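Undergrad: could you work out the structure for the sequence below:
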Amino acid sequence: MAKPKLIVTKETKTGRNIEFQDTRNNKKMTDKNLISRLKTGNSSYNEDYCVKHDKKGKEYISSKPDGNEKNNLG
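TA: Residues are numbered from 1 along each chain as shown. Predicted coordinates for the structure are as follows:
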């Protein structure tokens, strides 16, 4: 199994992922930075991750399904 591109480095008390680290270059970014990159459509992360909305309309990052229930964003 390939190493994930991102790992979660910080989350809120409710479990929302808010800080990430790229495992390839160790660059850290916030959820807002990552969402902005994903929205451009040409980020290297678009292959594996997408932006979704919760019931209140707040955006969050989700890994794209790959058929493996154990494979989820760190």
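
Undergrad: let me see the ranges of the strands in the protein.
TA: Ranges of strands in the chain, per DSSP state E, are 6-11, 17-22, 28-30, 49-53, 59-63.

Undergrad: could you check how many residues crowd around Y49?
TA: Using other Cβ atoms under 10 Å as the criterion, Y49 is surrounded by 22 other residues. Heads up, the C-betas are built off the backbone N, CA and C, glycines and all.

Undergrad: hmm, back to that, quick check: which of the strands of the chain is nearest to T40?
TA: strand 49-53 (11.0 Å; Cβ to Cβ).

Undergrad: restricting to C-alpha, output the closest one in PDB.
TA: Presented in PDB, the C-alpha positions along strand 49-53 are these (Å, rounded to 0.1, in the frame of the first residue of the first chain):
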ATOM      1  CA  TYR A  49      -8.500  14.200  -1.600                       C
ATOM      2  CA  CYS A  50     -11.600  16.400  -2.100                       C
ATOM      3  CA  VAL A  51     -13.500  19.100  -0.400                       C
ATOM      4  CA  LYS A  52     -16.900  18.200   1.200                       C
ATOM      5  CA  HIS A  53     -19.400  20.200   3.200                       C
END
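
Undergrad: relative to it, what are the paired strands and their orientations?
TA: Using DSSP bridges, the strands paired with strand 49-53 are strand 59-63 (antiparallel).

Undergrad: related to what we said a few turns ago, so can I have TSV of the strands of the chain showing distance to S43?
TA: TSV is the format used below for the strands of the chain (distance: least, Cβ to Cβ, whole Å):
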stretch	distance to S43
strand 6-11	11
strand 17-22	11
strand 28-30	11
strand 49-53	9
strand 59-63	11
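
Undergrad: surely N17 and Y60 touch.
TA: Yes: between N17 and Y60 there is a contact under Cβ atoms under 8 Å: 7.1 Å.

Undergrad: what do those two both touch?
TA: By Cβ atoms under 8 Å, 6 or more residues apart in numbering, N17 and Y60 have these common neighbours: D31.
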